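A.B. asks: Output the structure for:
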Amino acid sequence: MSKLEEQLQKNILILDGAMGTMLQEYKFSEEDFRGKRFGDWPVSVQGNNDLLSITQPEAIATIHRKYFEAGADIVETNTFSATTIAMADYKMEELVDELNYESARIAKEVAVKMTEENPEKPRFVAGAIGPTNKTASMSPDVNDPGFRAISFEELRVAYKQQASALIKGGVDILLVETVFDTLNAKAALFAIDELKEELQLDIPIMVSGTITDASGRTLSGQTAEAFLISVSHIPLLSVGFNCALGAKQLTPHLEVLNRFANCGVSAYPNAGLPNAFGEYDQDAEEMARQIREYLEKGLVNILGGCCGTTPEHISAIAEIAKDYNPRKIVKPEFSTAL
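C.D. replies: Model prediction:
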């Protein structure tokens with residue numbers, strides 16, 4: 001059993017909060033995003049947060065450090081959009097290997113240092129693999145429902161490149177997150193499975209979907225149970241949900257996962273629902289109060305925050321989580337062997 005699995009058996013592990021929310025506080029300009037290296041880049045790069053791992057690495061390291069100091073056991077790499085598919089918006093496809101490697105290296109350096117300072121609390125790095133900005137099972141054109149902007153094979157190739165660079169950079173976990181189209185996620189999992197076999201490496205995998213609204217379904221139309229079944233063909237460290245909803249709204253979907261999942265269950269909701277300006281107002285104490293329900297019901301093994309969350313939110317979550325035992329991992333009530 002790995003050190004990570006040992007910790008998962010003993011404690012509720014704490015994941016970090018939002019990277020983007022923290023980066024907004026820096027108010028980086030176009031010039032800051034570019035740095036010296038990309039001063040003459042032909043298109044605007046402001047908003048390409050993943051690029052900051054190259055042009056503003058100290059800011060990224062500082063944010064990781066703040067989340068670890070707040071009580072996080074796991075931080076995510078700054079690679080949510082670091083695929084050739086998403087980087088095409090900035091004409092930066094050629095940088096994908098470097099973006100992922102550097103992001104992983106930065107996070108790992110901070111994690112190693114924090115673990116050395118307190119060996120009783122080992123720290124881990126999850127390689128963040130986002131959904132890309134294209135969907136494999138849905139058309140972006142309502143007038144042409146059969147059209148697909150991306151294929152499964154194109155996604156597989158892109159995800160394999162990203163995962164490979166993250167592994168080279170030293171991540172402990174691969175996290176396929178914010179899944180709104182399960183076919184995209186299956187391409188990522190297929191690519192990771194290929195890599196594991198090629199490298200003879202048994203790296204843990206986390207999968208986190210997104211329930212988009214009050215319908216209780218992902219964007220591609222799946223319920224929590226259907227989503228779980230769809231990704232259960234591969235051994236997982238955890239399955240869960242993040243983004244779109246606040247902690248309170250996520251509870252019934254976590255109850256479904258708790259009932260059926262034969263791996264860990266994770267949750268990292270937003271800081272409530274966005275206000276009229278698209279901002280998140282929920283403070284750390286209120287979010288922690290809502291998350292306490294997860295703990296009292298024994299629903300989760302891994303807890304963190306998504307949009308709008310900060311080290312203050314993670315600190316409040318970590319403080320209440322330490323008084324509870326992690327969810328017991330049991331065999332599922334359904335069979336995927338159909």
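A.B. asks: Now do the helices in the stretch 201-338 of the chain.
C.D. replies: 224-231, 247-260, 284-296, 311-321 (DSSP state H, counting those that start in this stretch).
A.B. asks: Mean neighbour count added to those helices, as a markdown table?
C.D. replies: The C-beta positions use only the backbone N, C-alpha and C, and glycine is treated the same way. Below are these laid out as a markdown table (neighbours: other CB atoms under 10 Å):
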| stretch | mean neighbour count |
| --- | --- |
| helix 224-231 | 21 |
| helix 247-260 | 20 |
| helix 284-296 | 19 |
| helix 311-321 | 22 |
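A.B. asks: Can you give me the neighbour number for residue 282?
C.D. replies: Neighbourhood size, residue 282 [other CB atoms under 10 Å]: 23.
A.B. asks: ok, it touching residue 271?
C.D. replies: Yes: with contacts counted by CB atoms under 8 Å, residue 282 reaches residue 271, the gap being 4.2 Å.
A.B. asks: Quick check: neighbours shared by those two?
C.D. replies: Shared contacts of residue 282 and residue 271 (CB atoms under 8 Å, 6 or more residues apart in numbering): 246, 308.
A.B. asks: out of the helices of the stretch 201-338 of the chain, nearest to residue 170?
C.D. replies: helix 311-321 (22.2 Å; CB to CB).
A.B. asks: Now the closest one - C-alpha only, CSV.
C.D. replies: Output in CSV follows, covering the C-alpha atoms of helix 311-321 (Å, rounded to 0.1, in the frame of the first residue of the first chain):
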residue,chain,number,x,y,z
PRO,A,311,-6.8,29.2,1.6
GLU,A,312,-9.2,30.5,4.2
HIS,A,313,-11.9,28.2,2.9
ILE,A,314,-9.5,25.2,2.9
SER,A,315,-8.3,26.0,6.4
ALA,A,316,-11.9,26.0,7.7
ILE,A,317,-12.7,22.8,5.9
ALA,A,318,-9.5,21.1,7.2
GLU,A,319,-10.3,22.2,10.7
ILE,A,320,-13.8,20.5,10.8
ALA,A,321,-12.7,17.5,8.8
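A.B. asks: how far off helix 247-260 does it point, in degrees?
C.D. replies: 50 degrees (axes from the mean of the first three to the mean of the last three CA atoms, to 10 degrees).
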